[in-house]
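Asks: sequence plus predicted model, see below.
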Amino acid sequence: SGTMKMIAADAFEGCTSLSEFHVDPENASYTSIDGVLYNKNITRLIKYPPAKVSKKFVIPDTVCEICNKAFEKTNLETVKCDGKILSFGKQVFYESKALNKCYIYLDDRADPQSAWNLGHFLIKLKSGDSSIKENGYNLITKSAKQGLSDAQLYLARCFRNGWYGEKNADRYIFWLKRASDNKNYEAMRLLAIEYMTKENLPQDLEKAYDLLSTIENAPSLNNLDCYGKFYAPLAWFYRFGKVVAKDVNKAIEYYKEGAEWNDCNAEYFLAECYEKGVGVEKDLQKAIEYYSRAKEHGHSKADEAIKRITQNAESPVEEKAINAREKSQIIDILRRHSIGCFYHFTSRKNLASIKKMGGLYSWYYMEQHDIDIPAPGGSDLSRKLDKDKRLADYVRLSFCSNHPMMYRLEQEGYDLVLLKIIYSPRLLFRIYHP
């Protein structure tokens, strides 16, 4: 249209079949070149069409701003820009899986967020060109020095884990403290752990408690910043009466809060309390339930605890996770509706990974264990809703084989497969966690 003045930021989200843009030459706000959408002055690249068949793209040297998700789900393998970028948006190359070479450089005047956005993308890009990762690391370092806490926390993790170089405890603590000072809640949690464990800092329980309390009481806290992982260490102070008066009931409340967020440490220690009868009535059924959840979410000692309980029990405790009445009700519902199996649809590209992993895992589990999903489903919005509703660590199963969402995606050209999951009552109740 020649009169259009404003295009919403998410106007083309999900338009995966879009192959080119056409803009009326008389339009005063926008233009298109070779099917790519820009502002009129060609200083802002707004959207590269996802279905455009080109494998390489050179960004015009007039462009100084690249918008959020500008190259979402493209087929590009190489992107190059001869000019310098001032502003680089978030998730610019979201799910552009084929991309393996990206030669984009920022202007020295670029803001810290742009440096972090581009740097974090480049350093994770699967490319054989070491100069790309070097550019990414330099951008993250620049962003960290300019005070962006996400970049500071990432650098801290680099030095702790030896990413892109040798481990360095002093540099790890240096960047962790800077991120913590900038109110990065995950950095504050990790710093509190350091003060508790004495691994890289002298023990200072008062500082640790103050940091954890600050996280809990922060008015702007979104628990997603650290996925509720601060509850378990906070519970420790009340469970053992360190810094604060001993209050086992309060500790149990914190463990339960952390378990709601699928934190394996909270689940493990809550299980321990049920096993030993600390602050709660001794209940080996609940202990095995929470140990099983802790094991599923990656706790290294949970499996040993499960074996200890099951070996000492007269009969397998895990078989008792649901009482007889609940089992009967569930089985009755399944039989009444002739439900003998469940279904799950996914991209054909995920089959090899599913077989390698030995089953289906939630996207949250894969993310926490740094395991790539070849063709992830959902969107930013759906994942945010999953986290908000505390459903991030669940796998979606369906009772029907003709799911409407699967039909819609197939119509859009996705190559999907339908997995049929057959169960028996014995298996169902061995893996079920209420």
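Replies: Yep, that arrived. Numbering: from 1, shown residues only.
Asks: burial measure for the nearest residue to Asp107 once chain neighbours are set aside, as a count.
Replies: Nearest residue to Asp107, sequence neighbours excluded (Cβ to Cβ, 6 or more residues apart in numbering): Lys84, at 4.0 Å. From N, CA and C alone the C-beta is placed, and that goes for glycine too. If you count neighbours by other Cβ atoms under 10 Å, Lys84 ends up with 15.
Asks: so what pLDDT did Lys84 get?
Replies: For Lys84, the pLDDT comes out at 93.
Asks: just Arg171 next, same as before
Replies: Taking Arg171 on its own, its pLDDT is 96.
Asks: what are the phi and psi angles of it?
Replies: phi -70, psi -30 (degrees, to the nearest 10).
Asks: pretty sure it sits against Gly162.
Replies: No: in this structure, Arg171 is not within contact of Gly162 by Cβ atoms under 8 Å, at 11.0 Å.
Asks: how about the helices in the stretch 101-250 of the chain?
Replies: 112-124, 130-145, 149-161, 169-181, 185-197, 205-217, 231-240, 248-260 (DSSP state H, counting those that start in this stretch).
Asks: would you reformat these as CSV and include mean neighbour count and distance to Tyr48?
Replies: Conversion of these to CSV gives the following (neighbours: other Cβ atoms under 10 Å; distance: least, Cβ to Cβ, whole Å):
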stretch, mean neighbour count, distance to Tyr48
helix 112-124, 21, 15
helix 130-145, 19, 19
helix 149-161, 22, 26
helix 169-181, 19, 33
helix 185-197, 23, 33
helix 205-217, 18, 40
helix 231-240, 23, 43
helix 248-260, 20, 41
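Asks: report the secondary structure state of the most centrally placed residue in the chain.
Replies: By Cα atoms, centre = their mean, the chain has its centre lying nearest to Glu367, at 4.7 Å. Three-state assignment for Glu367 (DSSP: H, G, I helix; E, B strand; the rest coil): helix.
Asks: do the one 4 residues further on as well
Replies: Per three-state DSSP, the secondary structure class of Ile371 is coil.
Asks: residue contacts, it?
Replies: Contact criterion Cβ atoms under 8 Å, 6 or more residues apart in numbering gives Met357, Tyr361 as the residues in contact with Ile371.
Asks: shaky segments in this structure?
Replies: 1-2, 9, 221-225, 313-328, 370, 423-434 (pLDDT under 70).
Asks: picking up where we left off before, mind putting the helices of the stretch 101-250 of the chain into a markdown table with distance to Ala302?
Replies: Listed next are the helices of the stretch 101-250 of the chain as a markdown table, based on distance: least, Cβ to Cβ, whole Å:
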| stretch | distance to Ala302 |
| --- | --- |
| helix 112-124 | 30 |
| helix 130-145 | 34 |
| helix 149-161 | 23 |
| helix 169-181 | 27 |
| helix 185-197 | 19 |
| helix 205-217 | 23 |
| helix 231-240 | 14 |
| helix 248-260 | 13 |
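Asks: looking at the ones you listed, which is nearest to Asn100?
Replies: Asn100 lies closest to helix 130-145 among the helices of the stretch 101-250 of the chain, at 8.9 Å (Cβ to Cβ).
Asks: the closest one: how far from the chain's middle?
Replies: Centroid separation between helix 130-145 and its chain, computed with Cα atoms, centre = their mean, to the nearest Å, is 22 Å.
Asks: I'd like to know which elements it is packed against.
Replies: strand 101-106, helix 112-124, helix 149-161 (3 or more Cβ pairs under 8 Å, 6 or more residues apart in numbering; DSSP states H and E).
Asks: what's the closest residue in space to Thr197 that isn't next to it in sequence in contact with, if anything?
Replies: Spatially, and ignoring its direct neighbours in sequence, Thr197 is nearest to Gln203 (7.9 Å; Cβ to Cβ, 6+ apart). The neighbours of Gln203, taking Cβ under 8 Å, 6+ apart as the test, are Tyr195, Met196, Thr197.
Asks: the first one against Arg189, yeah?
Replies: It stands for Tyr195. No: contact criterion Cβ under 8 Å: Tyr195 and Arg189 do not qualify, at 11.0 Å.
Asks: anything in contact with each of the two?
Replies: Each of Leu211 lies in contact with both Tyr195 and Arg189 under the rule Cβ under 8 Å, 6+ apart.
Asks: re the thing from before, which among the helices of the stretch 101-250 of the chain is found nearest to Asp10?
Replies: Nearest of these (Cβ to Cβ): helix 112-124, 17.2 Å.
Asks: do you know how far Ala192 is from Tyr209?
Replies: Here Ala192 is placed at a distance of 8 Å from Tyr209 (Cβ to Cβ, to the nearest Å).
Asks: tell me where the chain has strands.
Replies: 30-33, 36-39, 44-47, 56-59, 65-66, 78-85, 87-88, 101-106, 341-347, 416-422 (DSSP state E).
Asks: so can I have JSON lines of these showing distance to Gly147?
Replies: What follows is those, written out as JSON lines (distance: least, Cβ to Cβ, whole Å):
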{"stretch": "strand 30-33", "distance to Gly147": "35"}
{"stretch": "strand 36-39", "distance to Gly147": "30"}
{"stretch": "strand 44-47", "distance to Gly147": "26"}
{"stretch": "strand 56-59", "distance to Gly147": "28"}
{"stretch": "strand 65-66", "distance to Gly147": "22"}
{"stretch": "strand 78-85", "distance to Gly147": "20"}
{"stretch": "strand 87-88", "distance to Gly147": "18"}
{"stretch": "strand 101-106", "distance to Gly147": "16"}
{"stretch": "strand 341-347", "distance to Gly147": "40"}
{"stretch": "strand 416-422", "distance to Gly147": "45"}
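Asks: which one of those lies nearest to Leu155?
Replies: strand 101-106 (17.5 Å).
Asks: and the closest one with helix 130-145, angle?
Replies: 30 degrees (axes from the mean of the first three to the mean of the last three Cα atoms, to 10 degrees).
Asks: and strand 101-106, what's buried?
Replies: Neighbour counts over strand 101-106 (16 or more other Cβ atoms under 10 Å) mark Cys102, Tyr103, Ile104, Leu106 as buried.
Asks: of all those, which comes closest to Tyr343?
Replies: Cys102 (38.1 Å).
Asks: now do the contacts for the nearest residue to the closest one once chain neighbours are set aside.
Replies: Using Cβ to Cβ, 6+ apart and skipping the chain neighbours, the partner closest in space to Cys102 is Val79 (5.1 Å). The contact partners of Val79, by Cβ under 8 Å, 6+ apart, come to Lys56, Phe57, Val58, Ile59, Phe71, Phe93, Leu99, Lys101, Cys102, Tyr103, Ile104.
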